[in-house]
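In: I'll drop the sequence and a predicted model, then ask my questions.
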Amino acid sequence: MTLLYIRQALLIVLIFTAVQSSGCKSDHSSADSVPKKLPAATVEVVTVSETAPPRQIEVMGTVQAADSASIAARVSGNIIELPVSLGSLVKKGDLLATISAEEITAKLLQAQAQLEQATRNLERERNLLKKNAATAETVKTLEESKRIAEASYKAARTMLSYTSIKAPFDGIITQKMANIGDLATPGKLLLKIENETRLQILADIPEALILELSIGDILPVNIPAAGLNIAGKITEIAPTADPRSRTAPVKLTIQPETKIRSGQFARVALPGTSGGAVMVPKSAVLSMGQLDRVFIVRDDT
């Protein structure tokens, strides 16, 4: 009996001790779970409103020479001289090409002979008319013949001048489509010359923005290939828009730079406005991952 009593007493003590330990832990856990009161944060509140901030619209453009000419033959013949090559610098009046002139020279000599003959015939009849040996009608006919002969002679001389092709202005040869010995025919392109000391940007402007631009406006221009940001001045605005693209061409003059070349791509920035938007200070924006958040005060909370 005594041994059994002792065992029962020990069991009761162990159970009581376990219950007491559990109660203590629960009390500590409950105390820890109570949130501590944090001090109030000091924040700045600003009033925001819907505004229309300015923005820039970029359009594509192309650099081109203000002075550019495609040189074509105006008479038929073989090219016997071509003293220029790609990149050659030329002055106004410099020889660019010479075309053989045998046939044209022959026609010129023939026209000259006909003019001389018509002149002699007219002089003879005028002398006879003074002696009443010719009629005024005959003299009038010969005068008309002489005018025709003079026109033919001038035309032949003009054709002969076309065999020597000269530079129309100072510039650089940017294209060469012919070689010595080639047969030149009227309209056949031989060379292209550009004056790269006078450059401009040609850009197509959306019709919705064209009315916002005026002659003399200065616009920012970026030329990626040259790595330059420059200013362009509007010198020409087309009065009508293309009905298919809904754009109108605009030309801007730019200052020449050694890195800028005709044909380069350009970006032209146009002034504009965006739709209404709520603007907030950058410091008020809280970035969380890919989301941007702001705190809003409503009803004093």
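Out: On my side now, so go ahead. From a predicted model like this one, the values you see are computed outputs, not experimental measurements.

In: which residue ranges form the helices in this structure?
Out: Per DSSP state H, the chain carries helices over the ranges 2-33, 102-130, 136-161, 207-210.

In: Comparing those helices by mean pLDDT, which bottoms out?
Out: When the helices of the chain are ranked by mean pLDDT, helix 2-33 comes last with a mean of 48.

In: Now do the same contact list for the closest residue in space to residue 292 that isn't next to it in sequence.
Out: Nearest-residue entry for residue 292: residue 285, 5.1 Å, with adjacent residues in sequence omitted and distances by Cβ to Cβ, 6 or more residues apart in numbering. Just so you know, the C-beta spots here come from the backbone N, C-alpha and C atoms, and that holds for glycine as well. For residue 285, the contact set (Cβ atoms under 8 Å, 6 or more residues apart in numbering) comprises 292-294.

In: In this structure residue 217 contacts residue 234, no?
Out: Yes - using Cβ atoms under 8 Å, residue 217 is in contact with residue 234, at 4.7 Å.

In: Compare neighbour counts for these two and give me the winner.
Out: More crowded of residue 217 and residue 234, by other Cβ atoms under 10 Å: residue 234, with 20 against 16.

In: roughly how far apart are the more buried one and residue 155?
Out: Distance from residue 234 to residue 155, counting by Cβ to Cβ, to the nearest Å: 44 Å.

In: Check residue 269 too.
Out: Counting by Cβ to Cβ, the gap from residue 269 to residue 155 is 54 Å.

In: Quick check: nearest residue in space to residue 183, chain neighbours excluded?
Out: According to Cβ to Cβ, 6+ apart, the nearest residue to residue 183 is residue 78 (5.8 Å).

In: residues near the one you found, how many?
Out: Residue 78 has 13 neighbours, counted by other Cβ under 10 Å.

In: Now do it, the pLDDT please.
Out: Each residue has a pLDDT score; the one for residue 78 is 97.

In: cool, and residue 264?
Out: pLDDT, residue 264: 95.

In: wait, doesn't it sit right on residue 62?
Out: Yes - contact criterion Cβ under 8 Å: residue 264 and residue 62 qualify, at 7.3 Å.

In: Quick check on those two: which one has the bigger neighbour count.
Out: Between residue 264 and residue 62, residue 264 has the larger neighbour count (other Cβ under 10 Å), namely 18 against 14.

In: follow-up on the earlier one: look at residue 269 and residue 155 and report which has more neighbours.
Out: residue 269 (16 against 13).

In: how close does residue 254 sit to residue 264?
Out: Residue 254 is 11 Å from residue 264, by Cβ to Cβ.

In: Quickly list what's touching both of the two.
Out: With Cβ under 8 Å, 6+ apart as the test, residue 254 and residue 264 both reach residue 63.

In: what bridges to residue 172?
Out: Taking DSSP bridges as the rule, residue 172 bridges to residue 89, residue 194.

In: got a list of what it touches?
Out: Residue 172 makes contacts with 87-90, 193-196, as judged by Cβ under 8 Å, 6+ apart.

In: repeat that with 7 Å
Out: By Cβ atoms under 7 Å, 6 or more residues apart in numbering, residue 172 lies in contact with 87-89, 193-194, 196.

In: thought residue 125 was touching residue 137?
Out: No - Residue 125 is beyond contact range of residue 137, at 10.2 Å (criterion: Cβ atoms under 7 Å).

In: the more surrounded of these two?
Out: Between residue 125 and residue 137, residue 125 has the larger neighbour count (other Cβ under 10 Å), namely 20 against 8.

In: What is the burial count for residue 215?
Out: With other Cβ under 10 Å as criterion, residue 215 counts 10.

In: meant to ask about residue 228, not that
Out: Residue 228 has 15 neighbours, counted by other Cβ under 10 Å.
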